[in-house]
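Asks: I need the structure of the sequence given here:
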Amino acid sequence: MDIEKLVAENKEFIREDDSRKAQALEQFREWLSKHPFITNSRTDDAYLVHFLRTKKYSMDDVFKVFENNLLFRTSRPDWFDTSDQYLDTFRDLAKGGAGYMLKKKAADGSSVFVINLERLDIDKYKTKDAFAFVFNSLSAYMENEQNQILGCTFILNYVKCPLKVIGSFSIRDTVGFTESASKCAGRFKKYLIVGLPATANALLNAGKKVMTEKQRSRLFLCNDLEDLAEHVDKSVLTEYLGGTEPEAEVIDEFIKVVETNFDKVKEINKFEVDMEKAAACRNLEESIGSFRTLDID
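Replies: Alright, predicted model coming up:
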């Protein structure tokens with residue numbers, strides 16, 4: 001795999017070069033400095049450029065997803081918990097193999113994040129812990145420039161998943177989690193669902209309803225681990241997923257990366273949103289949008 005070539009191709013796709021990046025970051029910081037309801041946000045290059053890359057440097061779209069991301073974080077703070085207690089939960093879930101980022105990248109260069117639902121101990125942890133595990137882990141990995149540019153493939157593994165685990169996830173939470181893909185920074189290449197039982201179809205259908213057409217085109221249902229190997233080579237997958245990578249080594253590396261970058265993840269949560277001003281701004285935007293629609297009609 002020629003990573004440098006893949007990075008160059010992806011940079012061209014997202015319309016990034018050094019000059020454009022510098023100008024966009026300057027514009028981004030100026031916009032933030034005058035923002036009507038967001039204060040104390042991270043303004044370093046690594047954080048802001050992730051939003052630029054997500055929306056291919058289309059600044060109106062960048063600003064929109066940035067606002068939506070912080071509003072989403074404000075509405076579900078338990079899904080973005082970065083407390084010391086959460087770190088203990090993270091280590092326990094990771095060591096139990098409930099989820100991890102694979103060491104090797106997929107053929108398209110994307111990082112591969114895996115959730116193994118069979119290993120989610122819902123007698124010990126709540127669904128909010130699982131969501132925080134996903135969001136914080138992805139945030140930690142996306143501090144890396146190469147990971148931002150090449151994107152991520154997401155695997156949701158239902159193989160041997162107990163019925164009580166499936167039942168612990170509500171329709172509301174599933175919809176919220178699915179919608180988050182449009183409200184968070186990130187270039188998600190594929191969503192791979194493996195071994196989905198019929199009992200989870202309601203969750204799938206609820207999630208698909210709030211997906212964009214582009215997201216649905218990237219969603220693939222794999223009957224089993226053999227089907228998964230058609231999307232992600234076995235040399236990349238862990239032994240638990242039918243591949244060849246020693247899972248213990250993958251987990252150790254995963255924990256190391258997240259812990260190394262966790263202070264940066266914690267800094268994200270230092271932002272403040274004035275919800276009263278946010279509501280007023282959003283109402284004004286909706287009114288302007290309605291007038292524009294009337295003008296067009």
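Asks: Can you show me the helices along the stretch 1-150 of the chain?
Replies: All helices of the stretch 1-150 of the chain, identified by DSSP state H, counting those that start in this stretch, fall at 3-13, 18-33, 45-54, 59-75, 84-95, 127-141, 145-150.
Asks: by contact count, what packs against the longest one?
Replies: On a contact count with 3 or more C-beta pairs under 8 Å, 6 or more residues apart in numbering; DSSP states H and E, helix 59-75 meets helix 18-33, helix 45-54, strand 272-273. The C-beta positions use only the backbone N, C-alpha and C, and glycine is treated the same way.
Asks: And for Met195, nearest residue in space, chain neighbours not counted?
Replies: Let me fix one detail, which is that residue 195 is Gly and not Met. Val159 (3.9 Å; C-beta to C-beta, 6 or more residues apart in numbering).
Asks: That neighbour reaches Leu225, doesn't it?
Replies: Yes. Between Val159 and Leu225 a contact is recorded at 6.5 Å, counting by C-beta atoms under 8 Å.
Asks: what do those two both touch?
Replies: Val194, Gly195 (C-beta atoms under 8 Å, 6 or more residues apart in numbering).
Asks: What pLDDT is listed against Ile296?
Replies: pLDDT for Ile296: 37.
Asks: same check, this time on Leu32
Replies: 98.
Asks: what does Ala279 give?
Replies: 89.
Asks: so how far is Pro77 from it?
Replies: Separation of Ala279 from Pro77 (C-beta to C-beta, to the nearest Å): 18 Å.
Asks: what about Ile155, helix or strand, and which?
Replies: Following DSSP states H and E, one finds Ile155 within strand 152-157.
Asks: Provide the secondary structure category for Lys190.
Replies: strand (DSSP: H, G, I helix; E, B strand; the rest coil).
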